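> no sequence on hand, only this structure:
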């Protein structure tokens, strides 16, 4: 059984503007921002604006919006970071490895021969995050939503 949603999780606070983020994209349904402990340059998180824990409790229509935004971010991230590919990850519930209990998709641009950093090991410098956000925002301007 899935536990109830905790509206004090860090992503709920990001959505309410209580915690700053490096926003790269937003629409009526989703919000995308850089992971501050990226596993690759441009590592972005896509979250629904609705308060859901994961894929097990999100509606099909809301998940489609998250998937649509995830694809948009992925295409732009590959372009912005001259990547050869992209990893998309989603974990639901602690047993799967989910740490923040708000539905989110990881979008990680990948370059051949460069491994992902281990999860949650290094906080990126704010200047680098700002530069990466600017690159991604510029690439998104060239992509249809």
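Alright, I've got the coordinates. All values derive from a computational prediction rather than experimental measurement.

> biggest helix in the chain, by residue count?
Ranked by number of residues, the top helix in the chain under DSSP state H is helix 60-80.

> ok, residues contacting that one?
The contact list for helix 60-80, computed with C-beta atoms under 8 Å, 6 or more residues apart in numbering, reads 24-25, 27, 29-30, 32, 42, 44, 46-48, 50, 52, 55, 58, 83-86, 88, 103, 105, 107, 109, 132, 135-136, 138-140, 142-143, 145. Quick note: C-beta positions are derived from backbone N, CA and C, even for glycine.

> what mean pLDDT would you report for that helix?
Average pLDDT, helix 60-80: 98.

> so the helix or strand following it versus helix 60-80, what angle?
Later in the chain than helix 60-80, the nearest helix or strand by DSSP states H and E is strand 85-89. On the basis of axes from the mean of the first three to the mean of the last three C-alpha atoms, to 10 degrees, strand 85-89 is oriented at 150 degrees to helix 60-80.

> got the contact list for strand 85-89?
For strand 85-89, contacts defined as C-beta under 8 Å, 6+ apart pick out 40, 70, 74, 77-78, 105-110, 112, 116.

> need these in TSV (columns: neighbour count and distance to residue 123).
What follows is the contacts of strand 85-89, written out as TSV (neighbours: other C-beta atoms under 10 Å; distance: C-beta to C-beta, whole Å):
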residue	neighbour count	distance to residue 123
40	22	15
70	22	24
74	23	24
77	27	20
78	19	24
105	24	21
106	20	16
107	30	19
108	23	16
109	26	19
110	20	21
112	7	26
116	13	16
